[in-house]
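sequence first, predicted model second:
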Amino acid sequence: MKKIAVLSFAFCETFCDQNSSSRINNSDKTFEKAKEVLPTLKHDVFVDILPPHVSVRDFKIKTDATKIDFTLKNRDSIFHIDNVFALNSLVDDVKQEVNGSNFDFIIRPEEYDIFIIGIDLNGVFINTIKQLEALGFKVFVLSNLAKLFNKATSTFIQQSGVKFCSYKTAENIVSNKNNNKRVQNARRKTVSK
């Protein structure tokens, strides 16, 4: 069973707050739904992807998931060397910065499936999905936790290998993986006796 990494695109006050001049229509509703649902969706890593001009990171996530803050400085690709992962150091509480080209070293395709949520799903998002698929990741876009920015994004998702599903379906995918793991563990115990 693979672990789950949730990639969150642009969920922040800048794009979701009713009073913000940069607000994306209906993003506040998607943001509230994500804040409600995400803590109940089993995931192992949460990657909060924000553009550099956004400094507020107040999206509440499940407490036992590892949180990675990601600053998108180069919009061509999240895998660009200019982009930065902020990881907690194993030695102390100091954040360690890792460049975006190390994404698949930190979150490995053989270990993780990717669930995508967010509100600014266009340009870099489409490139990201293509690159995630090329690296061997299985990618799911959670339809009711995502605001597709335009028709090109919708068309791309339909034509790619990406699974477009609700968070309820994602919960079933995760629980089926957990059930399959329990069955496999039970079989191993039976065989070893």
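It's in.

the spatially closest residue to His43 that is not a sequence neighbour bridge partners, please.
Spatially, and ignoring its direct neighbours in sequence, His43 is nearest to Ile4 (4.2 Å; Cβ to Cβ, 6 or more residues apart in numbering). C-beta coordinates here come from the backbone N, C-alpha and C atoms, glycine included. According to DSSP bridges, the partner residues bridging Ile4 are Asp113.

who's in contact with Ile4?
The neighbours of Ile4, taking Cβ atoms under 8 Å, 6 or more residues apart in numbering as the test, are 41-45, 112-115, 174.

again with Phe70
Residues in contact with Phe70 (Cβ under 8 Å, 6+ apart) are 47-50, 78, 83-86, 100.

among those residues, which ones are buried?
47-50, 78, 83-85, 100 (16 or more other Cβ atoms under 10 Å).

re the thing from before, ok, the contacts of Phe70 vs Ser27, which is closest?
Nearest to Ser27 among those is Leu50, at 13.6 Å by Cβ to Cβ.

the closest residue to that closest one other than its chain neighbours: how many residues sit nearby?
Once flanking residues are discounted, Leu50 sits nearest to Cys12: 5.8 Å by Cβ to Cβ, 6+ apart. Counted by other Cβ atoms under 10 Å, the residues lying close to Cys12 total 23.

quick revisit: kindly state the pLDDT recorded for the residue nearest to His43?
We have a pLDDT of 91 for Ile4.

repeat that for Lys62.
49.

make a markdown table out of the buried ones among the contacts of Phe70 and add distance to Thr128, pLDDT and secondary structure.
Conversion of those to a markdown table gives the following (distance: Cβ to Cβ, whole Å; pLDDT from 0 to 100; DSSP: H, G, I helix; E, B strand; the rest coil):
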| residue | distance to Thr128 | pLDDT | secondary structure |
| --- | --- | --- | --- |
| Val47 | 11 | 86 | strand |
| Asp48 | 14 | 82 | strand |
| Ile49 | 9 | 82 | strand |
| Leu50 | 14 | 78 | strand |
| Ile78 | 5 | 84 | coil |
| Asn83 | 11 | 87 | coil |
| Val84 | 15 | 86 | strand |
| Phe85 | 14 | 84 | strand |
| Gly100 | 10 | 88 | helix |
